[in-house]
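predicted model, plus sequence, below.
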Protein chains: 2
Amino acid sequence: MPNEKLVVIGGDAAGMSAASQAKRRRPDLDIVVFERSPHTSFSACGIPYYVSRVVDAEEKLIVRTPEKFRERDGIDVRVLHEVEEIDPPGKRVYVRDLKSGKSAWEQYDQLLIATGAVPLCPDLPGSDAINIFGVNTLESGLVIRRRLEKGGMKKAVVVGGGYIGLEMAEALVMCGLEVSLIDRSAQVMGTLDEDMGALVSQALRDVGVTLYLEETLTEFETTSGKVTGVVTDKRTLPTDIVILGLGVRPNTALAEAAGIPLGEKGSIRVNERMETGIAGIWAAGDCAESFHLVSRKPIYIALGTVANRQGRVAGVNLGGGYATFPGVMGTAVTKICQVEVARSGLQEKEIEALGLEHVSAVIKSRTKAGYFPGSEEITVKVLAEKGSGRLLGGQIVGMEGSAKRIDTLATALHAGFTVEEMINLDLGYAPPFSPVWDPVVIAAREVAKKL
Amino acid sequence: MPNEKLVVIGGDAAGMSAASQAKRRRPDLDIVVFERSPHTSFSACGIPYYVSRVVDAEEKLIVRTPEKFRERDGIDVRVLHEVEEIDPPGKRVYVRDLKSGKSAWEQYDQLLIATGAVPLCPDLPGSDAINIFGVNTLESGLVIRRRLEKGGMKKAVVVGGGYIGLEMAEALVMCGLEVSLIDRSAQVMGTLDEDMGALVSQALRDVGVTLYLEETLTEFETTSGKVTGVVTDKRTLPTDIVILGLGVRPNTALAEAAGIPLGEKGSIRVNERMETGIAGIWAAGDCAESFHLVSRKPIYIALGTVANRQGRVAGVNLGGGYATFPGVMGTAVTKICQVEVARSGLQEKEIEALGLEHVSAVIKSRTKAGYFPGSEEITVKVLAEKGSGRLLGGQIVGMEGSAKRIDTLATALHAGFTVEEMINLDLGYAPPFSPVWDPVVIAAREVAKKL
């Protein structure tokens, strides 16, 4: 009897985490991974740092090469192979070898879909011009850096003030470009409340990025197929390069065509073990749905941490073990030059959309004892449910030593703590690390006063 | 009818936190604070940094002066006043004015004892010699720095490898002295397990401190009343100055004489609202007992964070509000030059003393994404209960960005999480802040594998 066979579509964070985990637990499992790009398992979050040369060599972003997976882990990774169809009744996938151009059916016993996400691209005049980039594949990062290194680029426009938009804006400033950023909202970083987002907008201005807020992109100007300008409802910005930071959508065309049930924003619906609505077909990563543990509703969220954790859970289950992925807290951190930004839980507009009422407090404190050299400013916002005091979310903007304090809030959210319970948290204190009352606790204390 | 009167004995962290909190809530309350030193509310944890001149001026260590408390907060703080007796039936204290030498009885309606702790001093020949210092009052810090600034001191011996011992050893190295450290244990930092303590011992050696481990102090050599050498069971170390880092004991002679029930290590027994066994008499800070939330047993712990939190709880209750101090996790952080050290929960020997069994894992990871510039080594140990997997404790030793990760473990301990639950924590990830799996989660995952 032949070994059981697992086919994985997509060789990035979720797919390769799952494959490695499953193989470690069940060495007898035959695993084939199809990846349409030439790379496996790279750090997408590292691309802006590769573009800005903070990270010098592209190899550093590659967690493990296809060869390593094959030799060390015994996983048959086939890069430049694109799956074109899933046939659930026949338990097979139709795969095209992008080098030879040949296609063939490949059987599976278990299938994991880890097809990731694709950048949202506006369907506007000129949007297919050269030098307009979404940033999600390693290739996109390589191409952007190569174009910048060739020289001649002076102006850049970033469309969208989310994580990727801000990180790429910083990278382009570091490369010496004159950078403009357009966002439809009143402040960048729409995953923060406006008062906290305003601090990030200011940080961007401080490093020289020109912001055009509450403006809507209408078209791209082009010359000989290359982008030369970005047109909004208020102005035209001449540019040499455009970065699209408009978010992503789950890459689920294959799954949809195969009749696999979809959920939030078109992502693949999964149970807590990462199995889809069709037995024997699993999904994980940026193509799969998550569950928000505070709102208690399904959510689509595309983040490297989630992809890795979902991949691990799928892999444990595929390897004969038992693991669940209960969901996310909506935790995210980033850095704009010296300014660190973090959030977890629900923001005001999410709380309101759920029909809940909240109280909040914003406090300014220091990252170390006030008298200690290198002590920096940190602003913390905490949101709690009116009445119950149940922690609903937290946001942090500050200098070095600020962002990872979100982990305390994220863990408290997992625990379902009230702000009153947070006051009693026994957190680490010494002058080089914190004021006597940690800033996140000061914020919780202020909220508790208002309950 | 006169206002109700609160008398506070001790004007440091716990006493002044309580006084401020009570006055804010009940402005009609008359509050008198007696403090025998000339200072109120200073950062004891900052003394080593004052000695090493990392913090230049002593004023920086003073959170608020007696004058500020009097003028801004309306609290009658009397420094250089020592309480010599408590008379619970008479509801009065006997107070000596150290300047005038006069004594008098002072009535109270409510009394808060916040008399702090005193450094343990061995009763050995020569232990009262000049240039032997315990480090707990602001004066001791001022005197040490003044002696060092006078010049002529070349060699220092630190006795005891706990927080104060290590921080003072670093300070003395920074002052250019040749520093030796003696400890009875096999490794310094006895609040860590030996395997983690060994990393701290090495860090001390790396900065030039000579360690004499598993040696016991037997006497001090003196010449004309000044210390000239430290004698152990194995050798004599010539020295110009000795720092005692042997820990502290609660300063509870007054309370004991007044018949107030004592608990763990002679600390004052209190309920969760910080009231002692005698109605109307409260206690907080380094003189009061705490409760360990993991071992579920009383514990004596002298730390600035605990003092501040206990003081706040006492103050809320004295101010007519309601607050409780459920207890501590045993969280502590410190820094030895570049090496950060943190712990929370129970260490191996504490777990064994409770008759519990545990599994543990020690992992090495990085403080940022491995490829990110400035990524540093971090070692994390996690301990969990055998079978149940309930998190029991964690220890961290690493470079910049390591120590405050203990807050995630401390919060998870508060929540009573298992290591399996910790795997699902949605913590912040971006390349400048963390590997995709946070080091504390990697350690929890390794423990979970062994359950």
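Perfect, I can see it now.

list the contacts of A:E275.
A:I281, A:W282, A:N317 (Cβ atoms under 8 Å, 6 or more residues apart in numbering or on different chains). In short, each C-beta sits where N, CA and C put it, glycine included.

ok, now with 7 Å
Going by Cβ atoms under 7 Å, 6 or more residues apart in numbering or on different chains, A:E275 touches A:W282.

and it, how far from B:K404?
38 Å (Cβ to Cβ, to the nearest Å).

give me phi/psi at the residue positioned nearest the centre of chain A?
In chain A, the centroid-proximal residue (Cα atoms, centre = their mean) is A:L303; its distance is 2.7 Å. Dihedral pair for A:L303: phi -140, psi 150, per degrees, to the nearest 10.

could I get the contacting residues of it?
A:A332.

could you rerun that using 10 Å?
Contact analysis of A:L303 by Cβ atoms under 10 Å, 6 or more residues apart in numbering or on different chains lists A:13, A:44-45, A:163, A:285-286, A:290, A:309, A:328, A:330-332, B:426, B:429-430, B:436.

which of those has the most neighbours?
Counting neighbours by other Cβ atoms under 10 Å in any protein chain shown, A:G285 leads these with 34 neighbours.

element containing the nearest residue to that one once chain neighbours are set aside?
Nearest non-adjacent residue to A:G285, counting by Cβ to Cβ, 6 or more residues apart in numbering or on different chains: A:A14, 2.6 Å away. In this structure, A:A14 sits in helix A:13-25 according to DSSP states H and E.

which neighbouring elements make contact with that helix?
strand A:5-9, strand A:30-35, helix A:66-73, strand A:76-79, strand A:110-113, strand A:281-283, helix A:304-318 (3 or more Cβ pairs under 10 Å, 6 or more residues apart in numbering or on different chains; DSSP states H and E).

mean pLDDT for these: which is lowest?
Confidence, taken as mean pLDDT, is least for helix A:66-73 of these (a mean of 89).

could you list the residues in contact with that one?
In contact with helix A:66-73 (Cβ under 10 Å, 6+ apart) are residues A:11, A:16, A:19-20, A:23-24, A:27, A:31, A:33, A:35, A:38-41, A:62-65, A:75-80.

again, only using 8 Å
A:11, A:16, A:19-20, A:23-24, A:33, A:35, A:39-41, A:75-79.

which of those lies closest to A:K154?
A:H39 (30.7 Å; Cβ to Cβ).

ok, now which ones touch the closest one?
The neighbours of A:H39, taking Cβ under 8 Å, 6+ apart as the test, are A:G11, A:I62, A:T65, A:P66, A:V79, A:L138, A:E139.

what do you get for A:D193?
A:Q347, A:E348, A:K349, A:K381, A:Q395 are the contacts of A:D193 under Cβ under 8 Å, 6+ apart.

measure it to chain B for me?
Remark: distance between A:D193 and chain B (Cβ to the nearest Cβ, to the nearest Å) = 18 Å.

against A:E357, how distant is that residue?
Following Cβ to Cβ, the distance that separates A:D193 from A:E357 is 15 Å.

filter the contacts of helix A:66-73 to the buried ones?
For the contacts of helix A:66-73, a burial check counting by 16 or more other Cβ atoms under 10 Å in any protein chain shown picks out A:11, A:16, A:19-20, A:23, A:33, A:35, A:39-41, A:75-79.

which single one of these is nearest to chain B?
Using Cβ to the nearest Cβ, A:S41 comes nearest to chain B of the buried ones among the contacts of helix A:66-73, at 10.6 Å.

which helices and strands does the helix or strand harbouring A:A444 pack with?
Using DSSP H and E, A:A444 maps to helix A:439-450. Helices and strands touching helix A:439-450, as assessed by 3 or more Cβ pairs under 8 Å, 6 or more residues apart in numbering or on different chains; DSSP states H and E, comprise strand A:358-366, strand A:377-385, strand A:391-398, helix A:419-423.

select, out of those, the one closest to A:K154.
Closest approach to A:K154 among the helices and strands packed on helix A:439-450 is made by strand A:391-398 (30.3 Å; Cβ to Cβ).

quick check: angle from the closest one to strand A:358-366?
Strand A:391-398 runs at 30 degrees relative to strand A:358-366, counting by axes from the mean of the first three to the mean of the last three Cα atoms, to 10 degrees.

does any bit of strand A:391-398 sit next to chain B?
No: Strand A:391-398 does not reach chain B (Cβ under 8 Å from any Cβ of the partner chain); its nearest approach is 9.3 Å.

run a quick neighbour tally on A:S180.
21.

let me redo that: A:S295
A:S295: 18 surrounding residues under other Cβ under 10 Å.

helix or strand: which one has it?
Taking DSSP H and E as the definition, one finds A:S295 inside no helix or strand.

for it, give me its contacts.
A:S295 neighbours (Cβ under 8 Å, 6+ apart): A:L346, A:E350, A:L354.

and which of those is nearest chain B?
For the contacts of A:S295, the nearest to chain B is A:L346 (13.0 Å; Cβ to the nearest Cβ).

and for the nearest residue to the closest one once chain neighbours are set aside, the neighbour number?
Spatially, and ignoring its direct neighbours in sequence, A:L346 is nearest to A:G393 (4.4 Å; Cβ to Cβ, 6+ apart). Number of residues near A:G393 (other Cβ under 10 Å) recorded here: 26.

wait, doesn't A:G393 sit right on A:R343?
Yes: the pair A:G393 / A:R343 is scored as a contact, 7.2 Å apart, by Cβ atoms under 8 Å.

anything in contact with each of those two?
A:G330.

from chain B, how far out is A:Y322?
Distance from A:Y322 to chain B, by Cβ to the nearest Cβ: 10 Å.

how about A:M1?
From A:M1 over to chain B the distance is 30 Å, taken as Cβ to the nearest Cβ.

next one: A:E420
Distance of A:E420 to chain B, given as Cβ to the nearest Cβ: 9 Å.

can you verify my assumption that that residue contacts A:S388?
No: the pair A:E420 and A:S388 does not pass the contact test of Cβ under 8 Å, sitting 10.0 Å apart.
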